[in-house]
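Q: Sequence and computational prediction follow.
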Amino acid sequence: ISHCVFTKAQRGLSVIIGVLVYATVPQNSRLASKRNTIQAHFSHWHPFIFGSFDPRVRKLQHIFHNTWKHTSLSYKVFISMCVCVCVCVCVRILQTECANFVRLLQPFNRTHLLACGTGAFQPMCAYVYVGHRGEHAFSMDPVNVENGRGKVPHDPSLPFASTFSGGELYTGLTADFLGRDSVIFRSMGGRSTMRIETDQKLLHDPKFVAAHLIPDNDDRDNDKVYFFFTEKAMEAGDREGAIHTRVGRVCANDVGGQRVLVNKWSTFIKARLVCSVPGPHGIDTHFNQLEDVFLLRTKDERNPDVYAIFSTISNVFQGFAVCVYRMADIREAFNGPFAHKESPDYQWGVYEGRVPYPRPGVCPSKITNQPGREFGSTKDFPDSVLQFARSHPLMWRPVHPALRQPVLVKANIPYRLKQIVVDRVEAEDGQYDVMFIGTDVGTVLKVISLHSGNSLEMEEITLEELQVFKVGFTPSRLSLCVCQALYVGSPAGVAQVKLHRCETYGKACAECCLARDPYCAWDGSSCARYLPNSKRRYRRQDIRHGNPVLQCVDQNLSGESVQPADRVVYGTENNSTFLECVPRSPQATVTWLVQRDDRKEEVKLDDRVMRTEQGLLFRRLFRQDEGVYICRSREHGFTQTLARLTLDVLQGETLGELLARDDAGLRGGSAGQSRSWFKDIMQLIGPSNLPHVEEYCERMWCNDKLRRKHKSMLEKYRQARESAARARSKSSGERNRTPRDLSQWEE
């Protein structure tokens, strides 16, 4: 144990990144030995971001930036943590998982956070003091560390979901060391600890994604906790290994039965969430794997909108979809018929027998009480109700999304959709839900979805694609702030992104209108933030149609009034060249024209000349490709010129002769002729383009010159250092010195 130490990365607590080790080593401790150390490399990161809208956390700014660097901890707790790590290393294959990864960080009250970590496969919890409003405090008592089993999983890589309400913690997780006991737990608070019974009818290898407490009505006894997860579908029949997405719920006041389901959930029921695209002949394309869930709160806290990201599980087709569910549809499914299977030889069907009273899945409240039949708690429920709830947890009717189709579909894309948050924005012509979707390549998509006319088809509009992190850092947590910002958490850190960047949409009314961003509107002079309560009369915004012809009647819609600056691009014959042109709107159609003499014609595309998202690529350049290339974008009848590029092609034979002549001059020792080829090339290019050529050459050669200069300086420094060493050696008279014994420093 004396040689069990932690790396420097473990001696700090970052609330956002979420890596917390309760035991640290003082810098001057003998335990901080360099021998026989256990190195923990963190591969599992779980960011926690609290929005300023949460009334339970008063002070937040210091939470985002505070790092726990100087904390005095007792050796008793440190030795205990060391034992956990050493035992974990002995029984686990991956030593990188033998650390305390924080998986849960919930606001406990106005002054404390509840923090729970894996504890090297021995879960533990503690309370972090963050202080009152205006108090800059961030501390933890390491002595008051509680057992965290049932609150977080043992394995840092296993998914789980949690929600904290009324002093009680509801979690969906695997509660054992091996990760096989999948349960729904309720812990803490004044009521007894509850868990779900171990039965594949209830949970069959689930993957928990989210948990939320949603009230049914004004009676708090009817509050229910909803869990969103995927599991193996027993009703799939012959399709072995079929995965379905579920929404399950339990009553918050469930205390189990008196004789049946003692200390077990007695109100658990579940239904399937369907997210599919209608196909021909009634065959739909299903997205069965749940990736993330976001609850869009409304003025009515009982009816939030549920946004969910789904993915396919097929090896042939890879796609993602976003579906929106209404709480009314979810409650309707739970109030519908139960699914039933008579025996293993029968098919699944609707239960047509008598359903006992009170109906399984309802909460004991004023609604269930009748004259002469009052139920103060679930312990008062008849055994027949509990037996039926245990044998019939699945509802027959699935929950379909609004309009019975996704609001967003992405297929065959080079990235995966991982996280989603939604902001409801008030615009000139109504409300719009702006989706911010994190991908596994470090980008965040800003998307809205509209109905196309009177049809049920959806129009997906990608407003922006922001590269928040470098490739390899997946945004693992998104959080909206009332300060009109989006916080993005990842292993690289936390980034703050503005919800609107209206200034990037250009300086014309038509460009602002074509952006179709609900946050932005043309105010008469610029594209600025749209404020519903603003008294400005001159505001132009058209999200649904994006028609600048109607909105910007006083603008020149041809786009020729403001011409882009001409630029010269040089290319060598038989080599490749790229002409860059990026439209401001992802929905715009780009057209390339080439002008020779006074004639303009559209560029003919083939295997040699290709159009990309970033511009025009010449895989092999010919002399006849010279000309003025004009890049135009068209969207909703509005056309504008984005770039004018003059392409000059240098002949390959002439350039080769000049370079060969220069090589011959160098071999002959003629320094005066060594630069003659450059003058000849200038004659080919022409004096009018000389400034552009100088700019191009300086940009191309500057880096190489800096590298050569840096290399020469290093060589001079090395020679000076060797000279000084030889001088010291001669003056001291020591020719053969024995190296100093460094063993004492290795301790």
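A: Done, it's in. Numbering: from 1, shown residues only.
Q: so residue 85 sits in a helix?
A: Yes. Residue state for residue 85 (DSSP: H, G, I helix; E, B strand; the rest coil) corresponds to a helix.
Q: And the nearest residue to it once chain neighbours are set aside, how far from residue 96?
A: Leaving out its chain neighbours, the residue that sits closest to residue 85 by C-beta to C-beta, 6 or more residues apart in numbering is residue 120, at 4.5 Å. C-beta here means a position set from N, CA and C on the backbone, and glycine is covered the same way. For residue 120, the distance to residue 96 (C-beta to C-beta, to the nearest Å) stands at 11 Å.
Q: who has more neighbours, these two?
A: Between residue 120 and residue 96, counting by other C-beta atoms under 10 Å, residue 120 is the more crowded of the two (28 against 13).
Q: ok, back up a step: pLDDT wise, what is the residue nearest to residue 85 at?
A: Residue 120 carries a pLDDT value of 88.
Q: Over to residue 653?
A: So, for residue 653, pLDDT stands at 68.
Q: same thing with residue 298?
A: At residue 298, the model reports a pLDDT of 91.
Q: Next, the contact list for it, please.
A: 304-305, 424 (C-beta atoms under 8 Å, 6 or more residues apart in numbering).
Q: Surely it forms part of a strand?
A: No. Going by three-state DSSP, the assignment for residue 298 is coil, not a strand.
Q: any idea how far residue 304 is from it?
A: Residue 298 sits 6 Å away from residue 304, going by C-beta to C-beta.
Q: Common neighbours of the two, please.
A: By C-beta under 8 Å, 6+ apart, no residue touches both residue 298 and residue 304.
Q: Quick one, which of the contacts of residue 298 are buried?
A: Among the contacts of residue 298, those buried by neighbour count (16 or more other C-beta atoms under 10 Å) are 304-305.
Q: as a whole number, average confidence for the strand ranked longest in the chain?
A: Across the chain, the strand with the greatest residue count (assigned by DSSP state E) is strand 638-650. Averaged across strand 638-650, pLDDT comes to 88.
Q: quick check, distance from that strand to the centre of its chain.
A: Put simply, strand 638-650 sits 37 Å off its chain's centre (C-alpha atoms, centre = their mean, to the nearest Å).
Q: Kindly format the C-alpha coordinates of it as CSV.
A: Taking Å, rounded to 0.1, in the frame of the first residue of the first chain, the C-alpha atoms of strand 638-650 are listed here in CSV:
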residue,chain,number,x,y,z
PHE,A,638,-31.9,34.8,-55.3
THR,A,639,-28.6,34.7,-57.1
GLN,A,640,-25.3,36.3,-56.0
THR,A,641,-21.7,36.1,-57.0
LEU,A,642,-19.5,34.7,-54.3
ALA,A,643,-16.1,34.7,-56.0
ARG,A,644,-14.3,35.8,-59.2
LEU,A,645,-11.0,33.9,-59.7
THR,A,646,-8.6,34.4,-62.6
LEU,A,647,-6.8,31.1,-63.4
ASP,A,648,-3.4,31.5,-65.0
VAL,A,649,-1.8,28.3,-66.2
LEU,A,650,2.0,28.0,-66.4
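Q: could you pull out the helices for the stretch 551-700 of the chain?
A: Ranges of helices within the stretch 551-700 of the chain are 652-668, 676-685, 690-732, based on DSSP state H, counting those that start in this stretch.
Q: Comparing these, which yields the minimum mean pLDDT?
A: Across the helices of the stretch 551-700 of the chain, the lowest-scoring stretch is helix 676-685, with a mean of 51.
Q: I'd say residue 393 and residue 201 touch.
A: Yes. Using C-beta atoms under 8 Å, residue 393 is in contact with residue 201, at 5.9 Å.
Q: Quick check on the two: which one has the bigger neighbour count.
A: residue 393 (24 against 14).
Q: How about the contacts made by that one?
A: Applying C-beta under 8 Å, 6+ apart, the residues near residue 393 are 201-202, 248, 268-270.
Q: one more time with 10 Å
A: Residue 393 is in contact with 196-197, 199, 201-203, 246, 248, 265, 268-271, 338-339, 360-361, counting by C-beta atoms under 10 Å, 6 or more residues apart in numbering.
Q: For residue 441, which non-adjacent residue is closest in space?
A: Nearest non-adjacent residue to residue 441, counting by C-beta to C-beta, 6+ apart: residue 415, 4.5 Å away.
Q: The one you found: neighbouring residues, count only.
A: Residue 415: 16 neighbours (other C-beta under 10 Å).
Q: Over to residue 616?
A: 23.
Q: For the closest residue to it other than its chain neighbours, grab the count of nearby residues.
A: Spatial nearest neighbour of residue 616, chain neighbours left out: residue 579 (4.3 Å); criterion: C-beta to C-beta, 6+ apart. Taking other C-beta under 10 Å as the criterion, the count of residues near residue 579 is 20.
Q: likewise residue 137?
A: Residue 137: 13 neighbours (other C-beta under 10 Å).
Q: Give me the pLDDT value at it.
A: Looking at residue 137, the pLDDT reads 87.
Q: Which secondary structure state does it sit in?
A: coil.
Q: thinking it is in contact with residue 113, fair?
A: No. Applying C-beta atoms under 10 Å, one finds residue 137 not in contact with residue 113, separated by 11.4 Å.
Q: picking that back up, note down every partner strand of the longest strand of the chain and its orientation.
A: In the sheet, strand 638-650 lines up against strand 566-572 (parallel), strand 627-635 (antiparallel) (DSSP bridges).
Q: domains in this structure, as residue ranges please.
A: Domain assignment for the chain by automatic domain parsing gives 1-148, 424-551, 566-650.
Q: Would you map the helices across the stretch 201-350 of the chain?
A: Under DSSP H, counting those that start in this stretch, the stretch 201-350 of the chain gives helices at 327-334.
Q: Any stretches of it with poor pLDDT?
A: Counting by pLDDT under 70, the stretch 201-350 of the chain has low-confidence residues at 237-241.
Q: and with 80 instead?
A: Residues of the stretch 201-350 of the chain that meet the criterion pLDDT under 80 lie in 236-241, 279-283, 314-317.
Q: and the nearest residue to residue 252 once chain neighbours are set aside, what does it touch?
A: Of all residues not flanking residue 252 in the chain, residue 223 sits nearest, at 4.3 Å (C-beta to C-beta, 6+ apart). Contact partners of residue 223, counting by C-beta under 10 Å, 6+ apart, are 165-166, 213-217, 251-253, 302, 363, 365.
Q: what's the distance between residue 223 and residue 184?
A: Distance, residue 223 to residue 184, by C-beta to C-beta: 16 Å.
Q: How about residue 539?
A: Residue 539 sits 50 Å away from residue 184, taking C-beta to C-beta as the criterion.
Q: okay, the two: which has more neighbours?
A: Higher neighbour count among residue 539 and residue 184: residue 184, with 25 against 15, using other C-beta under 10 Å.
Q: where does the more buried one sit relative to residue 489, distance-wise?
A: Look at residue 184 and residue 489: by C-beta to C-beta, they are 26 Å apart.
Q: pLDDT score assigned to residue 734?
A: On the pLDDT scale, residue 734 gets 40.
Q: Surely the residue nearest to residue 85 and residue 94 touch.
A: No. Under the criterion of C-beta under 10 Å, residue 120 makes no contact with residue 94, lying 11.8 Å away.
Q: So which residues of the stretch 451-600 of the chain form strands?
A: All strands of the stretch 451-600 of the chain, identified by DSSP state E, counting those that start in this stretch, fall at 458-467, 477-481, 485-490, 493-498, 520-522, 527-529, 566-572, 577-580, 589-596, 599-602.
Q: With that, I have no additional questions.
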